[in-house]
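In: Requesting a structural model of the entry that follows:
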Amino acid sequence: MKTGSHGEIWRVAGPVVVARGVDGVRLYNVVRVGDAALPGEVIRLEGERATIQVYEDTAGLRVGEPVLDTGRPLEVELGPGLLGRIFDGTQRPLDVLARAGDDPFGQPLLSSGSDVPALDRERTWAFEPRVATGDSVVAGDVLGIVAEGALEHRILVPVDTAGVVTAVRRGPARLDDPIVWVDDQPLKMLSRWPVRDPRPAAGRLDASTPLITGQRAIDVLFPLARGGAATIPGGFGTGKTVLQQSLAKWAHADVVIYVGCGERGNELTEVLQEFPELVDPRTGASLMERTILIANTSNMPVAAREASIYTGVTLAEYFRDQGYHVALMADSTSRWGEALREVSSRLEEMPAEEGYPAYLSSRLAEFYERAAAVRCLGSDVREGSVTIIGAVSPAGGDFSEPITQHSLRLAGTFWALDTTLARQRHFPAIDWNRSYTLFDFAAWFEREVAADWEEQRAWARELLQREAQLLEVVQLLGPDTLAPPERLTLRTGRLLREDFLQQSAFDERDAYCAAPKQLAMLRAIRRTDAAMSAAVTRGAPVDEAGAAPSLAALARMHEWPAEQAEERAAELIKDIERELEAVG
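Out: The predicted model follows:
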């Protein structure tokens, strides 16, 4: 490791350490602080003094202890061996650290100042080259592949390299072994990248393809673009973590990166225990085979929490550049913002709204802007994407607080979770009156699913809006003041909410709903509304029309096999229409 100059600790204030005498150190360089060699990052330079945010607990540090400049910024290691792993906020492998820190009683402990590589240097990988001697290559070209679980891990030409292949190695190789020589310069499977620098791409693509999630409330009402960004704000108990786990399992993404950023330890423990047990619906194997977990709980150092989302998005961009579609779950950006606030206060910076630093919005923008669908570097045609889904935990469910408001302006999709819906056991608790999407996928759904997709979707949204307006009247004047057609709207709204928008993440028949099945269910509810309206027009009482026995079958639509959904919907519609024709 390249090292720079030595200095000494001049001041300690929680996670912030001020050092002096570290000549030549650069902003954002990683340094080793104190006798314990705690890792830290330079975040301010003033004369001979360098301000450092330390990624571990600074208890016990003393003035005068040494500070060593490594000469490099905070980087992540990239290469085979990333998938299925659990790292901390600075990409230190927690399983390796726990083994290294076991105490005599067998308890897994983490040693201070541990410096272990993120990827195993001794493991060998079967490298299959995709280039031959004499080939010309440019940055981003595929040198070869390595099988990693169900994924084809593609080894790329580094972004600063181009030339002619002069030698190729085939067969077992370690990460540090040369595998291809370009202009006689050896290239390895292992590479590094600074976490705060976005990885380059050949160009950005339009957000024209939705990320199919299998969640009806999302795909139908508020779809998210592949390569877009979504925000999930919600108070305590509204189901943010469960929704993100559902998206991780079922969304049409090749790689999933879950960043547990400052959440409670018991919640993150459940994630760490449950993810390895989740079955990948694509392969039948463990979902962890295409997942990376980054764990940084609320009792861990705040500086590492601040770095964790940059670590996560850099890993996501690495797989994006291979031509994969990556879903990044950040849970939660509120805890990340709190880390910024704490470090800012230690730096004695002028606070802005609610004590957050004035640069909160720009830092959030730097993160969300790294979500993109891109044309990858290289001479072949590859497209990849990073989709960011960030949970927000506003105190008391107050959406007017700064993190939520800044996220609103940056994300193209807003899924507002409602505490009242959660208390009513309506999950996912997405408030259809406050949520929105800026993406328009009407043409895609009409081409890929059915020509009437947008028509059915517009009907559902309009009906939910009319129901909300009528419920306000009911709360003031009572239901008896409504005309029969308006009471029927309330009845249909209830069907739409309870039989379509509600979806159980723990029911294997309902956890995922394919787009054709979603449309079949929606058509059934709309045709039911038309049949009830016809009965009421003929003079039937609303309560009698809404009590037709076949309507109870709408609540069991989620049990339909996806391949039979259209046929089953047609049969149910016939039964409902036949019963309602006899009413009135």
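In: When you work out contacts or count neighbours from here on, use the C-alpha atoms and nothing else.
Out: OK.
In: hmm, who's touching the one helix or strand Glu486 maps to?
Out: Assigned by DSSP states H and E, Glu486 falls within helix 484-496. Here helix 484-496 makes contact (CA atoms under 8 Å, 6 or more residues apart in numbering) with 460, 463-464, 466-467, 470-471, 479, 522, 525, 529, 532-533, 536, 541-542, 546, 554.
In: Now, of those, which are buried?
Out: 460, 463-464, 467, 470, 522, 525, 529, 532-533, 536, 541-542, 546, 554 (16 or more other CA atoms under 10 Å).
In: taking these one by one, which sit in helices?
Out: The members of those that map onto helices under DSSP state H are Ala460, Leu463, Leu464, Glu467, Leu470, Leu522, Ile525, Asp529, Met532, Ser533, Val536, Val542.
In: Excluding chain neighbours, what is closest to Ala545?
Out: Nearest non-adjacent residue to Ala545, counting by CA to CA, 6 or more residues apart in numbering: Met532, 5.7 Å away.
In: distance of that neighbour from Asp398?
Out: Computed as CA to CA, to the nearest Å, the Met532 to Asp398 distance reads 40 Å.
In: pLDDT (mean, whole number) over the helix holding Glu486?
Out: Per-region confidence: helix 484-496 scores 95 on mean pLDDT.
In: buried residues in stretch 188-208?
Out: 188-191, 193-196, 198-199, 201, 207-208.
In: could these be laid out in JSON lines, adding pLDDT, distance to Val259 and secondary structure?
Out: Below are the buried residues of stretch 188-208 laid out as JSON lines (pLDDT from 0 to 100; distance: CA to CA, whole Å; DSSP: H, G, I helix; E, B strand; the rest coil):
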{"residue": "Lys188", "pLDDT": "97", "distance to Val259": "28", "secondary structure": "strand"}
{"residue": "Met189", "pLDDT": "97", "distance to Val259": "25", "secondary structure": "coil"}
{"residue": "Leu190", "pLDDT": "97", "distance to Val259": "23", "secondary structure": "coil"}
{"residue": "Ser191", "pLDDT": "96", "distance to Val259": "22", "secondary structure": "strand"}
{"residue": "Trp193", "pLDDT": "97", "distance to Val259": "18", "secondary structure": "strand"}
{"residue": "Pro194", "pLDDT": "97", "distance to Val259": "18", "secondary structure": "strand"}
{"residue": "Val195", "pLDDT": "96", "distance to Val259": "14", "secondary structure": "coil"}
{"residue": "Arg196", "pLDDT": "94", "distance to Val259": "16", "secondary structure": "coil"}
{"residue": "Pro198", "pLDDT": "97", "distance to Val259": "18", "secondary structure": "coil"}
{"residue": "Arg199", "pLDDT": "97", "distance to Val259": "19", "secondary structure": "coil"}
{"residue": "Ala201", "pLDDT": "97", "distance to Val259": "23", "secondary structure": "coil"}
{"residue": "Ala207", "pLDDT": "88", "distance to Val259": "24", "secondary structure": "coil"}
{"residue": "Ser208", "pLDDT": "91", "distance to Val259": "26", "secondary structure": "coil"}
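In: count of residues packed around Leu360?
Out: 17 (other CA atoms under 10 Å).
In: Thr70 too?
Out: Using other CA under 10 Å: Thr70 sits among 19 other residues.
In: three-state assignment of it?
Out: strand (DSSP: H, G, I helix; E, B strand; the rest coil).
In: can I assume it is in contact with Arg26?
Out: No - in this structure, Thr70 is not within contact of Arg26 by CA atoms under 8 Å, at 10.2 Å.
In: any idea which of the ones in helices among the buried ones among the contacts of helix 484-496 is the one closest to Ser246?
Out: Closest approach between those and Ser246, by CA to CA: Leu522, at 21.5 Å.
In: contacting residues for that closest one?
Out: Neighbours of Leu522 in contact, by CA under 8 Å, 6+ apart: Gln456, Ala460, Leu496, Phe500.
In: can you give me the strands in the stretch 1-150 of the chain?
Out: 6-13, 16-20, 29-33, 38-46, 49-54, 66-73, 75-78, 86-87, 124-129, 136-137, 142-148 (DSSP state E, counting those that start in this stretch).
In: contacting residues around the second one?
Out: Contacts made with strand 16-20 from outside it, assessed by CA under 8 Å, 6+ apart, are listed as 7-12, 48-54, 67, 343, 346-347.
In: Buried only: go through those residues for me.
Out: Buried members of these, counted by 16+ other CA under 10 Å: 7-12, 49-54, 67, 343, 346-347.
In: Which members of those define the maximum pairwise distance?
Out: So, the buried ones among the contacts of strand 16-20 by CA to CA: farthest apart are Gly7 and Val343, at 21.8 Å.
In: Let me know the closest of the ones in helices among the buried ones among the contacts of helix 484-496 to Arg578.
Out: Met532 (11.1 Å).
In: so which strand or helix has the residue nearest the centre of the chain?
Out: Closest to where the C-alpha atoms of the chain average out (CA atoms, centre = their mean) is Met329, at 1.9 Å. Met329 belongs to strand 325-331 when assigned by DSSP H and E.
In: got the CA positions of that strand in CSV?
Out: The C-alpha coordinates for strand 325-331 follow below in CSV (Å, rounded to 0.1, in the frame of the first residue of the first chain):
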residue,chain,number,x,y,z
HIS,A,325,-29.8,-4.5,-14.3
VAL,A,326,-29.2,-3.8,-10.6
ALA,A,327,-31.7,-2.9,-7.9
LEU,A,328,-30.2,-0.9,-5.0
MET,A,329,-32.2,-0.8,-1.7
ALA,A,330,-31.2,1.9,0.7
ASP,A,331,-32.8,1.5,4.1
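In: Which strands border it, and is each parallel or antiparallel?
Out: strand 255-261 (parallel), strand 383-392 (parallel) (DSSP bridges).
In: by how many degrees do the helix or strand just after it and strand 255-261 diverge?
Out: The helix or strand immediately downstream of strand 325-331 is helix 333-346, counting by DSSP H and E. Going by axes from the mean of the first three to the mean of the last three CA atoms, to 10 degrees, helix 333-346 is angled at 50 degrees with respect to strand 255-261.
In: Many thanks, we can stop here.
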